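S.K.: Provide a 3D model corresponding to the input given below.
(chains A and B)
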Amino acid sequence: SALTQRTSVSGSPGQSITIYCTGSSSDVGGYDLVSWYQQQPGKAPKLMLYEVSKRPSGVSSRFSGSKSGNTASLTISGLQADDEADYYCCSFARSNSFEFGSGTKVTVL
Amino acid sequence: QVTLRESGPALVKPTQTLTLTCTFSGFSLTTSGVCVNWIRQPPGKALEWLARIDWDGDKYYRTSLKTRLTISKDTSKNQVVLRMTNMDPVDSATYYCTRSTTAEYAFDNWGQGAAVTVSS
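M.R.: As a prediction, this is how the structure comes out:
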């Protein structure tokens, strides 16, 4: 079943925000294979982090990730206007499948 | 440069079979560790992983949809095809094909998506 994310998070420019993603021992807690995606309106998602905390080439160091138990988190520091988007976590899961989170809308005030 | 492009019908009727094709470039599905996945997103809702096919031909499906899904590849054409039977209005969504690898298990490249509406 879908991983749990808070529906929305907001912050002012320059602030830091953290988005949480809660699963179970069958997915988030069982593997260090959590990834995060940013989706701008009308666009395809973009990979922001993989293997919990690794950044693909070209992704700002303002994006960082961690995991504790069955909960993973994405932190955006130095919040900028163009960070406003929907963010989805995803975890590898049992039976060689993947589960996405329910999504978090980030609003920059 | 990796690109993926989805193609298929924009409208299907209930009970019909949906066939979507992903045509890709910039990588080969014969390279060890490379995979292609299908992911969908109903309007205003979350992403949902559907299926994956690996470079070696192994296939994996979302458990709840396993009986309705078939994924296949044609490496000579650089294409991956997804078939979903018995379509229902709740299957209306944007369908994305994506690349992943068995090293990272993350979707590093996405197509632009194909919007599919199921309606009579």
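
S.K.: flag every residue of chain B that's near chain A.
M.R.: Contact residues (Cβ under 8 Å from any Cβ of the partner chain) of chain B with chain A: B:37, B:39, B:46-49, B:52, B:60-63, B:96, B:104-108, B:110-113. Placement of C-beta: from N, CA and C, glycine included.

S.K.: report all helices and strands that whichever strand or helix holds residue B:71 contacts.
M.R.: Using DSSP states H and E, residue B:71 maps to strand B:69-74. In terms of contacts (3 or more Cβ pairs under 8 Å, 6 or more residues apart in numbering or on different chains; DSSP states H and E), strand B:69-74 is packed against strand B:48-54, strand B:59-61, strand B:79-84.

S.K.: any idea which of those gets closest to residue A:109?
M.R.: Closest approach to residue A:109 among the helices and strands packed on strand B:69-74 (Cβ to Cβ): strand B:48-54, 30.5 Å.

S.K.: quick one, what contacts the most centrally placed residue in chain B?
M.R.: When Cα atoms, centre = their mean is applied to chain B, the residue found nearest the centroid is residue B:38 (2.6 Å). By Cβ atoms under 8 Å, 6 or more residues apart in numbering or on different chains, residue B:38 lies in contact with B:20, B:22, B:49-52, B:71, B:80, B:82, B:95-98.

S.K.: nearest to residue A:40, of the residues you listed?
M.R.: residue B:96 (14.3 Å).

S.K.: check which helices and strands the helix or strand hosting that closest one sits against.
M.R.: Here residue B:96 sits within strand B:93-101, counting by DSSP H and E. Strand B:93-101 sits against strand B:3-7, strand B:18-25, strand B:34-41, strand B:48-54, strand B:79-84, strand B:109-110, strand B:114-118, with contacts defined as 3+ Cβ pairs under 8 Å, 6+ apart.

S.K.: go again with 6 Å.
M.R.: strand B:34-41, strand B:109-110, strand B:114-118 (3 or more Cβ pairs under 6 Å, 6 or more residues apart in numbering or on different chains; DSSP states H and E).
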